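> okay, structure incoming, though there's no sequence with it:
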């Protein structure tokens, strides 16, 4: 709760000034997800504001919007496995090409035959195994993109220029998503 209070103080907002809440719904650490989702549900119930749940994999992929490569977020699932999916940006849309799964990192990359940008803590942990499997086709996002940023959680709901393509999974309607636009000051803190 202290971190939420800090973010609100930095942004100059109060909970009553927010139009809604966005939260990652996984995959990820069960305890972390449970705490995050429970906290946001509590704020939403107390304030009567709407909530949208966004995939952790979708959010990580959105952070790589600059890439012309196939994008594959990898989250460490422990026990030598990763949660992964694959995406491609087409005409400003994020298109999900493969549903999220939990498998070994080698299985996650064994059929890749084109340049691919890997992002997430699983990409960092298993970077050598990925390189051994697909060689020069493997590219890795900068370290600061391996953690989901607050602004990336809202992007999948933002509409045509940055939203999930119709072939993918739409997280919410554009009417709802407009409530999550940032002012320049708020965006600066959301990107931190």
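The structure has been received and is ready for your questions. Quantities reported herein were computed from a predicted structural model and do not represent experimental measurements.
> is residue 84 located within a strand, as I assumed?
Yes: checked against DSSP: H, G, I helix; E, B strand; the rest coil, residue 84 lies within a strand.
> where exactly do the helices run in the protein?
If you assign secondary structure with DSSP state H, the helices in the chain sit at 2-11, 30-47, 56-62, 105-109, 121-125, 127-134, 150-154, 174-177, 184-190.
> right, and these - which one's nearest residue 24?
Between residue 24 and the helices of the chain, the shortest gap by Cβ to Cβ is with helix 56-62, which sits at 4.6 Å. For glycine as for every other residue, the C-beta is placed from the backbone atoms N, C-alpha and C.
> against which helices or strands is the closest one packed?
strand 70-78, strand 81-90, strand 93-103, helix 150-154 (3 or more Cβ pairs under 8 Å, 6 or more residues apart in numbering; DSSP states H and E).
> what's the distance between that helix and the middle of its chain?
The gap between the average C-alpha position of helix 56-62 and the chain average comes to 3 Å, counting by Cα atoms, centre = their mean, to the nearest Å.
> what do you get for stretch 110-122?
Its chain's average C-alpha position is 16 Å from that of stretch 110-122, according to Cα atoms, centre = their mean.
> ditto for stretch 117-126
Relative to the centre of its chain, stretch 117-126 is centred 13 Å away, using Cα atoms, centre = their mean.
> for that stretch, buried residues please.
117-123, 125-126 (16 or more other Cβ atoms under 10 Å).
> quick one on the thing from earlier: can you list the helices and strands packed on helix 56-62 in CSV and add mean neighbour count, distance to residue 19 and mean pLDDT?
Conversion of the helices and strands packed on helix 56-62 to CSV gives the following (neighbours: other Cβ atoms under 10 Å; distance: least, Cβ to Cβ, whole Å; pLDDT from 0 to 100):
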stretch, mean neighbour count, distance to residue 19, mean pLDDT
strand 70-78, 23, 27, 96
strand 81-90, 22, 27, 94
strand 93-103, 16, 23, 90
helix 150-154, 22, 11, 73
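> and of the ones you listed, who's closest to residue 139?
Going by Cβ to Cβ, the one of those nearest residue 139 is strand 70-78, 9.7 Å.
> partner strands of that closest one, with direction?
In the sheet containing strand 70-78, its partner strands are strand 81-90 (antiparallel), strand 116-119 (parallel), by DSSP bridges.
> this completes my enquiry, with thanks.
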